[in-house]
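K.L.:
Test case, fold it:
(chains A, B, C and D)
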There are 2 protein chains.
Amino acid sequence: MANSLSGDSVVDRVVRVISAFPEGSGSLQLSELATRSGLPLTTAHRLVRQLAAHGLLETGGGGTVRLGLRLWELVNRNSPTLALRQAAMPFMEDIQQVLNQNVNLAVLDGWEALFVERLSRRGSVANRAQIAGRMPVHVSSAGLALMAHQSKAVQGEYLAQFVDPDGKVTAETVRTLLAETAHTGFAQLAGVVDPDTWGIAVPVIDSRQHTVAALGVVVPLHEVRLQALVPALQTAARGVARRLRDSAP
Amino acid sequence: MANSLSGDSVVDRVVRVISAFPEGSGSLQLSELATRSGLPLTTAHRLVRQLAAHGLLETGGGGTVRLGLRLWELVNRNSPTLALRQAAMPFMEDIQQVLNQNVNLAVLDGWEALFVERLSRRGSVANRAQIAGRMPVHVSSAGLALMAHQSKAVQGEYLAQFVDPDGKVTAETVRTLLAETAHTGFAQLAGVVDPDTWGIAVPVIDSRQHTVAALGVVVPLHEVRLQALVPALQTAARGVARRLRDSAP
DNA sequence: TCAAGTCCTCCCATTGAATGGAAGCTTGAA
DNA sequence: TTCAAGCTTCCATTCAATGGGAGGACTTGA
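P.N.:
Presented below is the predicted three-dimensional model:
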């Protein structure tokens, strides 16, 4: 019983605590938090109290813990994706208004597409749940659009480690998909959540020819009109790239 | 030279580091971060490295540091305001669509209104900058709407400590404003940023009669039509409250 | 009403993780 | 080339972090 029985630093523990919240759960019991983060109850309790003192966590009566407003504020005032989202929002709104489709914006993180912004189709219930959601590269049009325009080295590394958990898709299939995407300049893929929807995405390519984001739509199958959608997305993507270049030279 | 020359814990320092980023600045030099957070360079460097190892911070070449995608993801997957924003978004969209005004949603934090969501007027450039922004209670309609429906105890505490930095407004003036707001059920206030705009906000009151948020619009002065706006906002606020009640009983 | 159970909070002796000055290194400008 | 500014690594010192245990608050079931 000394500093760190488990051999990790205080920083590690802090990260464990704030990472322990399962997606979408507003709050957690202290004891559950301790279990999930793998920390002794006492340690979890102490860390929670310290973090709560700074407003990064908030404690409600009876040991419930949730992320704090101040943490939300800090991150959203200074989000790493702020510039990208600001550059993209007007174009995403255009697409939403003109085409009336679900629009989303994703970046590559690890081997997954991380959705950083999303506008719901007019009239549908706002679905912000998918913001900050993730999708593996090979099952999302955004993921394909992002990966297809990475360097050969990155693509090779990705394909080398590729394993489909369901065992249905091989690395070779994905390689073909990526090649097609790179060739046509856009990615299309049947919806995963809903088989009657189709995802279409194009890369946002910055001035150094790096693919920094993917701009995409999710369309009901019977409404797919590639000849209308793809050019709209591509011009929007170029617009986003231009604004990015102008705002942060 | 031992643990903490300055007498604060590791947690305190971690908080200092991630709080050190000035609003809107994407990245910071390590040495500047050390200065801003009041930490020795070595300590700042060590903490940054540890946090970066977990993805909460990201380091770019040459010692630049910025908040990490993983931190953004963690917070936005599990935002303390998630339920509120989800409940409010459809109504905010309605207002934006029907009235074509800037709509915002705020909560009370300390003696300030913290804006947690905002929809821009159609056609205007998306202004997400104000999300996670703050305004003192007495200069924002949202702040007044929030404070006017707090308990007498909270209001008393607020008024007791009230000091206007400009010395133009007295606590007595604010007390009158709050009384008016409580009486009419909505707050109105001349715009602070732009004198030709007017802010109007109503409280969102949950089933326990607690004011949990304020729903407001910012309207050009010549378009203010209270008789149309206020009922729309109030019905929307009731709708938000109902959805909040239904989703988290 | 009482007993058992669950969970949160506080206490405190032990000790190794955190600390930060100094030295080395890299980078870019004069 | 020399110099300056800033990033990174090293390492002896020491006190802040640790976590088991005890106590308290609250709930559940008999």
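
K.L.:
Spell out the residue ranges of the strands in chain A.
P.N.:
Assigned strands in chain A, in chain order: A:28-29, A:57-60, A:64-67, A:102-109, A:112-119, A:134-136, A:187-190, A:197-205, A:211-220 (criterion: DSSP state E).

K.L.:
Contacts for the first one, please.
P.N.:
If I follow you right, that is strand A:28-29. Outside of strand A:28-29, the residues that reach it under the criterion Cβ atoms under 8 Å, 6 or more residues apart in numbering or on different chains are A:20, A:21, A:22, A:36, A:63, A:64, A:65, A:66. C-beta: built from backbone N, CA, C; applies to glycine.

K.L.:
Any idea how far it is from the middle of the chain?
P.N.:
Here strand A:28-29 shows a centroid-to-chain-centroid distance of 25 Å under the convention Cα atoms, centre = their mean, to the nearest Å.

K.L.:
does any bit of it sit next to DNA strand D?
P.N.:
No - applying Cβ under 7 Å from any atom of the strand, one finds strand A:28-29 out of contact with DNA strand D, separated by at least 12.4 Å.

K.L.:
before we move on, the earlier item: can you list the strands of chain A in TSV and add mean neighbour count and mean pLDDT?
P.N.:
Compiled in TSV, the strands of chain A are given as follows (neighbours: other Cβ atoms under 10 Å in any protein chain shown; pLDDT from 0 to 100):
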stretch	mean neighbour count	mean pLDDT
strand A:28-29	18	94
strand A:57-60	18	93
strand A:64-67	21	95
strand A:102-109	24	95
strand A:112-119	23	94
strand A:134-136	18	94
strand A:187-190	20	92
strand A:197-205	25	95
strand A:211-220	25	95
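
K.L.:
Grab the CA positions of stretch A:223-236 and hand them over as CSV.
P.N.:
Listed next in CSV are the C-alpha coordinates belonging to stretch A:223-236 (Å, rounded to 0.1, in the frame of the first residue of the first chain):
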residue,chain,number,x,y,z
GLU,A,223,-33.8,9.0,-53.1
VAL,A,224,-30.3,8.4,-54.1
ARG,A,225,-29.4,10.6,-57.1
LEU,A,226,-25.7,10.5,-57.4
GLN,A,227,-25.5,12.9,-60.3
ALA,A,228,-27.1,15.5,-58.1
LEU,A,229,-25.6,14.7,-54.7
VAL,A,230,-21.9,14.1,-55.5
PRO,A,231,-21.2,17.4,-57.3
ALA,A,232,-23.0,19.2,-54.5
LEU,A,233,-20.9,17.5,-51.9
GLN,A,234,-17.7,18.0,-53.8
THR,A,235,-18.2,21.7,-54.3
ALA,A,236,-19.2,22.0,-50.6
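
K.L.:
How about that stretch, which residues are buried there?
P.N.:
Applying a neighbour-count criterion of 16 or more other Cβ atoms under 10 Å in any protein chain shown, the buried positions in stretch A:223-236 are A:229, A:230, A:232, A:233, A:234, A:236.

K.L.:
Run a quick neighbour tally on residue A:183.
P.N.:
Other residues lying near residue A:183 total 9 when counted by other Cβ atoms under 10 Å in any protein chain shown.

K.L.:
which residues touch the lengthiest helix in chain A?
P.N.:
Ranked by residue count under DSSP state H, the longest helix found in chain A is helix A:226-247. With Cβ under 8 Å, 6+ apart as the test, helix A:226-247 has contacts from A:83-84, A:86-88, A:90-92, A:94-95, A:98-99, A:101, A:185-186, A:188, A:200-207, A:212-213, A:215-217, A:219.

K.L.:
OK, contacts around residue A:215?
P.N.:
If a contact means Cβ under 8 Å, 6+ apart, then residue A:215 has A:88, A:91-92, A:103-105, A:201-202, A:204, A:233, A:236-237, A:240 as its contacts.

K.L.:
Model confidence score at the residue lying closest to it once chain neighbours are set aside, please.
P.N.:
Counting by Cβ to Cβ, 6 or more residues apart in numbering or on different chains, the nearest residue to residue A:215 once its immediate chain neighbours are dropped is residue A:237, at 4.9 Å. Turning to residue A:237, the model gives it a pLDDT of 98.

K.L.:
do the same with residue A:51
P.N.:
Looking at residue A:51, its pLDDT stands at 96.

K.L.:
between the contacts of residue A:215, which is closest to DNA strand D?
P.N.:
The shortest approach to DNA strand D among these belongs to residue A:204, at 28.6 Å (Cβ to the nearest atom of the strand).

K.L.:
Dig out what that closest one forms beta bridges with.
P.N.:
Judged by DSSP bridges, the bridge partners of residue A:204 are residue A:213.

K.L.:
Can you tell me what sits against the least confident helix or strand in chain A by mean pLDDT?
P.N.:
Comparing helices and strands within chain A by mean pLDDT, DSSP states H and E singles out helix A:82-99 as the least confident, with a mean of 89. For helix A:82-99, the surrounding residues in contact (Cβ under 8 Å, 6+ apart) are A:79, A:101-103, A:105, A:107, A:116-117, A:119-122, A:204, A:212-213, A:215, A:217, A:228-229, A:232-233, A:236-237, A:239-240, A:243-244, A:247-248, B:24, B:26, B:122, B:125-126, B:128-129.

K.L.:
Show me the domain layout of chain A.
P.N.:
Chain A breaks down into these domains under automatic domain parsing: A:10-75, A:79-247.

K.L.:
ok, residue A:122 touching residue A:101?
P.N.:
No - counting by Cβ atoms under 8 Å, residue A:122 does not reach residue A:101; the two are 9.3 Å apart.

K.L.:
higher neighbour count, those two?
P.N.:
In this comparison of residue A:122 against residue A:101, neighbours counted by other Cβ under 10 Å, the higher total goes to residue A:101 at 22 against 12.

K.L.:
residue contacts, that one?
P.N.:
Residues in contact with residue A:101 (Cβ under 8 Å, 6+ apart) are A:95, A:121, A:217, A:218, A:219, A:223, A:229.

K.L.:
so how far is stretch A:206-213 from its chain's centroid?
P.N.:
18 Å.

K.L.:
hang on, I meant stretch A:199-216
P.N.:
Here the centre of stretch A:199-216 is set off from its chain's centre by 14 Å, with Cα atoms, centre = their mean.

K.L.:
How about stretch A:109-123?
P.N.:
What separates the centre of stretch A:109-123 from the centre of its chain is 6 Å, taken as Cα atoms, centre = their mean.

K.L.:
hmm, that stretch touching chain B?
P.N.:
Yes - when contact is scored as Cβ under 8 Å from any Cβ of the partner chain, part of stretch A:109-123 falls within range of chain B: A:109, A:114, A:116, A:122.

K.L.:
Equivalent analysis for stretch A:137-153, please.
P.N.:
No - Stretch A:137-153 stays out of contact with chain B when judged by Cβ under 8 Å from any Cβ, the minimum separation being 13.3 Å.

K.L.:
Any chance you could list what contacts that stretch?
P.N.:
The contact list for stretch A:137-153, computed with Cβ under 8 Å, 6+ apart, reads A:104, A:106-108, A:111-113, A:115, A:135-136, A:154-155, A:158, A:162, A:164, A:169, A:174, A:177-179, A:181-182, A:186-189, A:192, A:199-203, A:205, A:211, A:213-214, A:216.

K.L.:
tell me how far the ends of that stretch are from each other?
P.N.:
With Cα to Cα, to the nearest Å as the measure, the first residue of stretch A:137-153 is 16 Å from its last.
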